[in-house]
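Enquirer: predicted model, plus sequence, below.
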Amino acid sequence: MGYPSRGYETAASFDASRKVLLAKVHIAKKQLGLDDETYRSLLRGHFGKDSAARLTNAQLDQLVRYFKHQGFKTKPATTKGQKPADHDQAGKMRALWVSLYHLGIISDASEKALSAFAWRVTGGKSKNGKARLQWVQGADAYKVIEALKAIATRQAGVDWSPLIKDYASGPVIDPRKRVLEAQLVIATKLHIAFDDMTAALAPIGGTYRMRRTDYAESDLDAAIENMGNHIRALQAKG
């Protein structure tokens, strides 16, 4: 048996490369949220064709590189086992998203739900929204953060203005206190029992004092979570 001809190897490699490129194009289309109309318009604008199958391998490679520039990752995002976004702005977005959950505004505090929200805010299908929170940075992250704050203010009355920590240091930003204050108003309107309120606030001494300056962040987080549990339970009762 002789070795395959050089020409056969070249044809096989060409076909294999083409299959890989076409697969990447279709994964990118789905990952970037492109509908058929937007996708075909993009192909016509760049290559004068309305189907990836009609593109040359060189053009397919060019298209994949274009998609990568738009945020496409060759390893598509998965919800199972996916590493959470770790940049600073992701932490702020995540904290605000969890706050909406504890304020009783949303029912799903997961990273997947936050990513879906960020994707919509950054453009969704029509404007190639960012499909993963890891990619939502800079101006996009600012837009998402402001959108989350606006929802908290509009639906739960959260006041994000600075608090006076003490008269010597002047105003400081203390978002945890602001979230807890809004929770207390909501819980009161929902007629939370006094004993439940005291128990929820146990991490910070059983009561909340605006002027107190020595609350630990972890204690405030625990109180916010406790209050959130009560708020959702009361909302469920109607």
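Expert: Received the coordinates, thanks. Numbering: from 1, shown residues only.
Enquirer: K29 against E37, yeah?
Expert: No - with contacts counted by C-beta atoms under 8 Å, K29 stays clear of E37, the gap being 11.9 Å. From N, CA and C alone the C-beta is placed, and that goes for glycine too.
Enquirer: what about those two, which has more around it?
Expert: Ranked by neighbour count (other C-beta atoms under 10 Å), K29 and E37 place K29 first, with 19 against 10.
Enquirer: and the nearest residue to the more buried one once chain neighbours are set aside, how close does it get to E225?
Expert: In this structure, K29 finds its nearest non-sequential neighbour in Y39, 5.4 Å apart by C-beta to C-beta, 6 or more residues apart in numbering. Distance of Y39 to E225, given as C-beta to C-beta, to the nearest Å: 43 Å.
Enquirer: returning to that earlier point: in what helix or strand does the residue nearest to K29 lie?
Expert: Assigned by DSSP states H and E, Y39 falls within helix 36-47.
Enquirer: buried residues, the helix or strand that that helix is followed by. List them.
Expert: Proceeding N to C from helix 36-47, the next assigned helix or strand is helix 57-69, under DSSP H and E. Using 16 or more other C-beta atoms under 10 Å as the test for burial, helix 57-69 gives 59-61, 63-64, 67.
Enquirer: next: stretch 179-191.
Expert: Going by neighbour count (16+ other C-beta under 10 Å), the buried part of stretch 179-191 is 179-184, 186-187.
Enquirer: from those, which land in strands?
Expert: Among these, none falls in strands (DSSP state E).
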